[in-house]
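1. Sequence and computational prediction follow.
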Amino acid sequence: MATTAGATVISHPYNKGNGAAIKTGLRTATGDFVIILDADGQHRADLAPQLIENLQDFDLVIGARTSASQATAGRRFGNHLLALIASYLSGQKIIDLTSGFRAARRSHFLEFIHLLPNGFSTPTTTTLAFVRAGYNIKFVHAEANTRKGKSKIKFYRDGLKFFLILLRVITIFSPLRIFAPISAFSLALGVGYALWTAITETHITNSSVLLIALGVIVFLLGLISEQIATLRFEKQEDAPDVSVGKKPGDQTNR
């Protein structure tokens, strides 16, 4: 159907996964701006202009689904929980973390293409990468259709994978968001236990010392990781920009 409509269709010799398909599309596209949407009939292509018109002021525009657009109560709960966790870890409110309907400059997508997995979670990874890289992001309400077929993603089976992806991406871009709470918890527990044993048993236990030492070590690891992440971005920013600035619509992607 896409071929008869005039689109250029690229096929892999075997199934590599959703993420691999997106990466191939990004490498093959020739325009400055690209739109990504799932092929399960859920996203409405006629809403693409709503995303495109916001690309003048925003670097990534995401079509956020309403609660009614998501198939089951379990899926709605899972997506909402992931969005809350991602909002905390990234420091920015994220409405729909897993929506595959999005538009951005192709060169921005290519900056993070090495982070994209071959399987699912490309939307999760790109959203967090754009946020932590300091790009401007906007969520546009985009009513979705009923999914055709059954999703291969299961909340109980894949929820942990999504959570680990959140941790991985945030650790790459802002490690202290992960290390600082763990360090603070360990320090608070160690100091609190030390005070308790000092009052009740008139001495400080080895467990208290170990907890305090763990908190200090975790914080120092987070501080080093934060410096490495900062240096990584400074090197990227110093690299020459070879992209040509064009407005959306100057060249059509197929």
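-> Thanks, I have the structure now. Numbering: from 1, shown residues only.
2. ranges for the helices of the stretch 51-200 of the chain?
-> Here the stretch 51-200 of the chain has its helices, by DSSP state H, counting those that start in this stretch, at 73-90, 106-111, 122-132, 155-173, 176-200.
3. Go ahead and confirm S208 touches A188.
-> No: the pair S208 / A188 is not scored as a contact, 11.5 Å apart, by Cβ atoms under 8 Å. In short, each C-beta sits where N, CA and C put it, glycine included.
4. Who has more neighbours out of those two?
-> S208 (20 against 13; other Cβ atoms under 10 Å).
5. Stretch 115-125: which residues count as buried?
-> For stretch 115-125, burial by neighbour count (16 or more other Cβ atoms under 10 Å) applies to L115, L116, P117, F120, S121, T122, P123, T124, T125.
6. Please apply the same query to stretch 56-64.
-> Neighbour-count burial for stretch 56-64 flags F58, D59, L60, V61, I62, G63, A64 (criterion: 16+ other Cβ under 10 Å).
7. go on, stretch 212-219?
-> I212, L214, G215, V218, F219.
8. ok so, going back, now the buried residues of stretch 56-64 in CSV, with pLDDT and distance to S107?
-> Output for those, formatted as CSV (pLDDT from 0 to 100; distance: Cβ to Cβ, whole Å):
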residue, pLDDT, distance to S107
F58, 95, 15
D59, 95, 10
L60, 95, 12
V61, 95, 16
I62, 94, 18
G63, 91, 21
A64, 88, 24
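9. Let's see which of these end up in strands.
-> L60, V61, I62, G63, A64 (DSSP state E).
10. Which of those residues sits closest to A7?
-> Comparing these against A7 with Cβ to Cβ places G63 closest, at 19.5 Å.
11. measure that closest one to K93 for me?
-> 16 Å (Cβ to Cβ, to the nearest Å).
12. ok, so of the ones in strands among the buried residues of stretch 56-64, who is nearest F33?
-> Of these, the one sitting nearest to F33 (Cβ to Cβ) turns out to be V61, at 10.1 Å.
13. thought that closest one was touching V140?
-> Yes: judged on Cβ under 8 Å, V61 makes contact with V140 at a distance of 5.9 Å.
14. Buried ones in the longest helix along the chain, by neighbour count?
-> Ranked by residue count and defined by DSSP state H, the top helix of the chain is helix 206-238. Neighbour counts using 16+ other Cβ under 10 Å place S208, L211, I212, L214, G215, V218, F219, G222, S225, E226, A229 of helix 206-238 among the buried residues.
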